[in-house]
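# sequence first, then the predicted structure:
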Amino acid sequence: MFTGLIEALGRVDRVDPTPSASGRRCRIETTLGRDLQPGDSVAVNGVCLTTIAADQEGFAAELSPETLAVTTLGSLVPGRTVNLERPLRAEDRIGGHFVLGHVDAVGQVAAWAPDGDCFRLEVDCPPAVERFLIPKGSIAVDGISLTVAGFSGARCRIQILPYTAGHTNLGGIRVGDRVNLEADVLGKYVAGLLEARGSIAAARPHEVSR
């Protein structure tokens, strides 16, 4: 589990096919490599990956066919900047929101423009995420914990602080870019519970007073 507070930026060093050619192995240059061990989890652009090798200069992870199919990691190329975060520890403060690293869908950047001292980010969200959007709610974009400023239909509007733009990959984002999206897990659980209760109520025969 993660918080969506990016610890560091990494740089993709190389991307190679796995022996079966069904997946890929990527190596990312980062100072976090010195604190990682094989088997450790790390979120890369909001996708929870398992470290298979690490050293002072970075770490390597394998990307499964499923990960390649449902996230933006299939388009990683050498030189690409990525957001990195290690898992939450029990004693850590939760400054963002609960992020699982399980991407719900891939969205597309519809707008990125200055907004006073900040920036305005607009993302077109697929139905798998749109249904969980609420004003002032949380959403993870490429692993970054952000607050929904508003939305119109499937388009989500978010205000980005200068610090966030300068310490994440949002500093280099462009209109048309694809981003990993994860809806707030608490909202998903609440929606699932309400849907389950609705299904039970619909299936239960009406009681007749005697």
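Looks like it arrived, so ask away.
# the domain parsing of the protein - what is it?
As assigned by automatic domain parsing, the chain contains the domains 8-85, 105-194.
# how long is the first one end to end?
It stands for domain 8-85. 7 Å (C-alpha to C-alpha, to the nearest Å).
# so the closest residue to Gly171 other than its chain neighbours is in which element?
Excluding the flanking residues, the one nearest Gly171 by C-beta to C-beta, 6 or more residues apart in numbering is Ala165, at 4.9 Å. (Each C-beta comes from the backbone N, C-alpha and C, glycine too.) Under the criterion of DSSP states H and E, Ala165 resides in helix 162-167.
# could you point out which element follows that helix?
Once the chain leaves helix 162-167, the next helix or strand it forms, by DSSP H and E, is strand 178-183.
# adjacent strands (with direction) for that next one?
Paired neighbours of strand 178-183 in the sheet (DSSP bridges): strand 105-115 (antiparallel), strand 138-141 (antiparallel).
# how many neighbours does the residue lying closest to Gly74 once chain neighbours are set aside have?
Spatial nearest neighbour of Gly74, excluding adjacent residues (C-beta to C-beta, 6+ apart): Leu68 at 3.9 Å. Using other C-beta atoms under 10 Å, Leu68 has 16 neighbouring residues.
# make residue 1 into 25 and carry on from there
In the new count, where the first residue is 25, that last one comes out as Leu92.
# so Leu92: helix, strand or coil?
With DSSP: H, G, I helix; E, B strand; the rest coil as the basis, the three-state label of Leu92 is helix.
# quick one: the closest residue to Gly167 other than its chain neighbours from Ser162, how far?
Spatially, and ignoring its direct neighbours in sequence, Gly167 is nearest to Gly70 (3.0 Å; C-beta to C-beta, 6+ apart). Noted for Gly70: a distance of 13 Å to Ser162, by C-beta to C-beta, to the nearest Å.
# about what we covered before: which positions in the helix holding Ala189 come out as buried?
188-189, 191 (16 or more other C-beta atoms under 10 Å).
# next: stretch 112-128.
Under the neighbour-count criterion of 16+ other C-beta under 10 Å, stretch 112-128 has 112, 120-123, 125, 127-128 buried.
# average pLDDT for the lengthiest helix in the chain?
The longest helix of the chain (DSSP state H) is helix 209-227. With pLDDT averaged residue by residue, helix 209-227 scores 77.
# could you give the angle of that helix to strand 202-207?
Between the axis of helix 209-227 and that of strand 202-207 there is an angle of 60 degrees, by axes from the mean of the first three to the mean of the last three C-alpha atoms, to 10 degrees.
# alpha carbons of helix 209-227, as CSV, please.
C-alpha atoms of helix 209-227 as CSV (Å, rounded to 0.1, in the frame of the first residue of the first chain):
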residue,chain,number,x,y,z
VAL,A,209,-10.1,2.5,-2.8
LEU,A,210,-12.4,3.6,0.0
GLY,A,211,-14.9,5.0,-2.5
LYS,A,212,-14.7,1.7,-4.4
TYR,A,213,-15.5,-0.3,-1.3
VAL,A,214,-18.4,1.9,-0.4
ALA,A,215,-19.8,1.7,-3.9
GLY,A,216,-19.4,-2.1,-3.9
LEU,A,217,-21.2,-2.4,-0.6
LEU,A,218,-24.1,-0.2,-1.7
GLU,A,219,-24.4,-2.1,-5.0
ALA,A,220,-24.4,-5.4,-3.1
ARG,A,221,-27.1,-4.2,-0.7
GLY,A,222,-29.2,-3.0,-3.7
SER,A,223,-28.9,-6.4,-5.3
ILE,A,224,-29.9,-8.1,-2.1
ALA,A,225,-32.9,-5.8,-1.6
ALA,A,226,-34.0,-6.3,-5.2
ALA,A,227,-33.8,-10.1,-4.9
